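Asks: what would the 3D arrangement of this be:
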Amino acid sequence: MIELQPAAEADLPDIVALTNWAYRGTGPQSSWTVESYLAGERTTEAALSEDLAGKPGAQLLVWRDAAGELLGHVWLEPVAEAVWYLGLLSVRPDRQDRKLGRTLLAAAEDVARSRGVRRMRMRVINVRDTLIAWYERRGYALTGEIEPFPYGDDRFGRPLRDDLCFVVLERAL
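Replies: Sure, this is the predicted structure:
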């Protein structure tokens with residue numbers, strides 16, 4: 001099993017670079033999860049710092065290899081009694097064929113489980129069919145809940161289409 005560590009302020013530049021590569025990267029080493037329907041960066045250091053400061057119960061966890069290279073990261077946040085939100089799961093696109101995503105997801109679930117969490121929730125943009133299917137293969141199910149996409153808030157990028165929303169997935173741990 002891998003060891004996840006809480007992100008430090010010094011980790012934020014690496015986290016931002018990996019997130020933007022995984023979510024918006026182009027070229028031969030781009031991710032299969034690229035959000036091609038959004039333009040701009042997925043996140044910034046300022047946005048992550050603000051989110052961490054504004055949500056003191058949340059954790060941004062990093063996964064580094066023995067040499068210190070960032071392999072992935074994940075956001076975990078308590079949202080209700082024994083229910084946490086999982087977000088920003090990202091792994092190096094140039095190593096995605098090594099099952100890093102499922103390893104990171106399992107480690108994040110283990111962290112939550114060790115803290116008494118019984119359900120994990122997440123939001124995925126509705127048009128990300130391949131990603132939704134990936135999570136479903138790992139035990140997550142669509143709840144039927146739909147949340148609006150934050151049009152006009154470019155924090156997550158500039159939408160290139162007008163039919164985006166979030167679908168909610170959940171899994172019992």
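
Asks: can we go C-alpha only for contacts and neighbour counts from here?
Replies: Fine.

Asks: for residue 24, phi and psi?
Replies: Taking degrees, to the nearest 10, you get phi -130, psi 0 for the backbone angles of residue 24.

Asks: next, the one residue sitting closest to the centre of the chain: phi, psi?
Replies: Averaging the C-alpha coordinates of the chain gives a centre point, and the residue nearest to it by CA atoms, centre = their mean is residue 88 (1.7 Å). Summarising the backbone geometry of residue 88 under the convention degrees, to the nearest 10, its torsions are phi 60, psi 20.

Asks: can you show me the helices along this structure?
Replies: With DSSP state H applied, the chain shows helices at 12-24, 45-54, 100-114, 129-137, listed in chain order.

Asks: and of those, who's closest to residue 37?
Replies: Residue 37 lies closest to helix 12-24 among those, at 9.6 Å (CA to CA).

Asks: name the helices or strands packed onto the closest one?
Replies: Using 3 or more CA pairs under 8 Å, 6 or more residues apart in numbering; DSSP states H and E, the elements in contact with helix 12-24 are helix 45-54, strand 70-80, strand 83-91.

Asks: return the most buried member of the helices of the chain.
Replies: Neighbour counts (mean count of other CA atoms under 10 Å) averaged over each of the helices of the chain peak at helix 12-24, with a mean of 21.

Asks: what's the average pLDDT for that helix?
Replies: When the per-residue pLDDT values of helix 12-24 are averaged, the result is 90.

Asks: export that helix to CSV, keeping only CA atoms.
Replies: Provided in CSV are the C-alpha atoms of helix 12-24 (Å, rounded to 0.1, in the frame of the first residue of the first chain):
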residue,chain,number,x,y,z
LEU,A,12,1.4,23.4,-4.0
PRO,A,13,3.4,24.3,-7.2
ASP,A,14,3.9,20.6,-8.0
ILE,A,15,0.2,19.9,-7.2
VAL,A,16,-0.9,22.7,-9.5
ALA,A,17,1.4,21.6,-12.3
LEU,A,18,0.2,17.9,-12.1
THR,A,19,-3.5,18.9,-11.8
ASN,A,20,-3.3,21.1,-14.9
TRP,A,21,-1.4,18.5,-16.8
ALA,A,22,-3.9,15.8,-15.9
TYR,A,23,-7.0,17.9,-16.5
ARG,A,24,-6.0,20.2,-19.3
